[in-house]
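# pasting the sequence and the predicted coordinates here, then a few questions.
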Amino acid sequence: MTDTLGTTRPETRPRPPRGAADLRPRRWPLARHSLALARRALVKTLRNPGELMDAVILPVVFLVLFVYLFGGAVAGSTQEYLQYLFPGVLVLTTVLTGQVATGLSIVQDMKKGVFDRLRSMPVPRAAILTGSVLADGVRYVIALAVLFGVGYAMGFRVETDLASTLAACAVAIALGFSLSWLTVLVAVVLRDEIMVTTVGFLLPFPLVFGTGMTAPTETMPGWLQAWAGVNPVSHAIEASQGLLLGGPVAGPVGATLLWSGAFLAVFGTAAVLAFRRYA
């Protein structure tokens, strides 16, 4: 390009307007949007701490109640019973608590039109549900930290090491994360707060209490022993006992991870498909 004085100027391309968004597709959209929506769910929890208190207080109530009511009758000593009971309550913390809060949050967002707004954006449908479930992981960590604090105050002591303790928490969180998709499925299908609360409380009970958490399975009827033998929560409790108190862990940990993968594949896929029909 030549100006009026005969000098040559290099051609320049027009610059995009300042602040214009990059139109190139960004990588890992499912992970990015899931994490963003998980942050939103955590912000909601901070503004409504009652949801977090339910997940924190209920395991502590179970621990104190069982130890001081049944410790003398079952083990002859509350201290010995605390050592026996604590690994089971650790698993109960992730399986039983926090599930209802996730389902209720999803139902409320569906009724308030939040999901309608999200589906008008380039957000993967699975990310909308995954974000709510990922937020449960933070609730689990807080609940487990409080449980360990109360347990140590009562006299519980880990008999292995820190790495095994963290592994026990990870196994419990993995099972709780996979089972939480059952509550998500119920929330997407039923879309009713009362039904989600009822189902969310009732469904985990056969899994949690059909185990050797509160008493050895040898003292149970034959049919209950058979159920405890195949119950996935029983494998998680055995893994937790081995990791916290010592004992075989490879078999129980492997079985728990296999069950967790199966629950995630079945309930997670069903929940996403049901949500796509809604959306």
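It's in. Keep in mind that what you see is a predicted model, and the values were worked out from it rather than measured.
# how about residue 210, phi and psi?
phi -90, psi 40 (degrees, to the nearest 10).
# one more: the one 3 residues further on?
For residue 213, the backbone dihedrals are phi -70, psi -40 (criterion: degrees, to the nearest 10).
# what about the residue nearest to it when sequence neighbours are not counted, which helix or strand?
Closest residue to residue 213 apart from its sequence neighbours, by Cβ to Cβ, 6 or more residues apart in numbering: residue 88 at 3.2 Å. (Each C-beta comes from the backbone N, C-alpha and C, glycine too.) For residue 88, the element it lies in under DSSP states H and E is helix 78-96.
# could I get the average pLDDT for that helix?
Regarding helix 78-96, the rounded mean pLDDT is 89.
# which neighbouring elements make contact with that helix?
helix 50-74, helix 125-154, helix 162-190, helix 204-209, helix 232-245 (3 or more Cβ pairs under 8 Å, 6 or more residues apart in numbering; DSSP states H and E).
# among those, which comes closest to residue 268?
helix 162-190 (4.5 Å; Cβ to Cβ).
# tell me the buried residues in the closest one?
164-165, 167-169, 171-189 (16 or more other Cβ atoms under 10 Å).
# what helices and strands are in contact with the helix or strand just after it?
Using DSSP H and E, the next helix or strand after helix 162-190 towards the C-terminus is helix 193-202. Counting contacts by 3+ Cβ pairs under 8 Å, 6+ apart, helix 193-202 is packed against helix 99-112, helix 162-190.
# extract the CA atoms of the shortest one and return them as PDB.
Below are the C-alpha coordinates for helix 99-112, written out as PDB (Å, rounded to 0.1, in the frame of the first residue of the first chain):
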ATOM      1  CA  GLN A  99     -27.300 -38.000  49.100                       C
ATOM      2  CA  VAL A 100     -30.600 -36.200  49.800                       C
ATOM      3  CA  ALA A 101     -29.100 -32.800  49.600                       C
ATOM      4  CA  THR A 102     -27.900 -33.500  46.000                       C
ATOM      5  CA  GLY A 103     -31.300 -34.800  44.900                       C
ATOM      6  CA  LEU A 104     -33.200 -31.800  46.400                       C
ATOM      7  CA  SER A 105     -30.800 -29.300  44.800                       C
ATOM      8  CA  ILE A 106     -31.400 -30.900  41.400                       C
ATOM      9  CA  VAL A 107     -35.200 -30.900  41.800                       C
ATOM     10  CA  GLN A 108     -35.200 -27.200  43.000                       C
ATOM     11  CA  ASP A 109     -33.000 -26.200  40.000                       C
ATOM     12  CA  MET A 110     -35.300 -28.000  37.600                       C
ATOM     13  CA  LYS A 111     -38.400 -26.300  39.100                       C
ATOM     14  CA  LYS A 112     -36.800 -22.900  39.100                       C
END
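# check contacts around the residue positioned nearest the centre of the chain.
Closest to where the C-alpha atoms of the chain average out (Cα atoms, centre = their mean) is residue 177, at 3.3 Å. By Cβ atoms under 8 Å, 6 or more residues apart in numbering, the residues touching residue 177 are 94, 133, 136-137, 140, 260, 264.
# try it again with 10 Å
Residues near residue 177 by Cβ atoms under 10 Å, 6 or more residues apart in numbering: 94, 98, 133-134, 136-137, 140, 260, 263-264, 268.
# from those residues, which shows the smallest pLDDT?
Among the contacts of residue 177, residue 98 has the lowest pLDDT, at 61.
# next one: the residue nearest to residue 213 from residue 259, what distance?
Taking Cβ to Cβ, to the nearest Å as the measure, residue 88 and residue 259 are separated by 16 Å.
# more neighbours, these two?
residue 88 (25 against 20; other Cβ atoms under 10 Å).
# okay but the more buried one is in contact with residue 240, surely?
Yes: between residue 88 and residue 240 there is a contact under Cβ atoms under 10 Å: 7.1 Å.
# so what sits against both of these two?
residue 213.
# closest one to residue 30 among the helices and strands packed on helix 78-96?
Nearest of the helices and strands packed on helix 78-96 (Cβ to Cβ): helix 125-154, 5.3 Å.
# which elements pack onto that closest one?
Helix 125-154 sits against helix 29-47, helix 50-74, helix 78-96, helix 99-112, helix 114-119, helix 162-190, helix 269-278, with contacts defined as 3 or more Cβ pairs under 10 Å, 6 or more residues apart in numbering; DSSP states H and E.
# taking these together, which one is wrapped up most tightly?
Mean neighbour count (mean count of other Cβ atoms under 10 Å) peaks for helix 78-96 among the helices and strands packed on helix 125-154, with a mean of 24.
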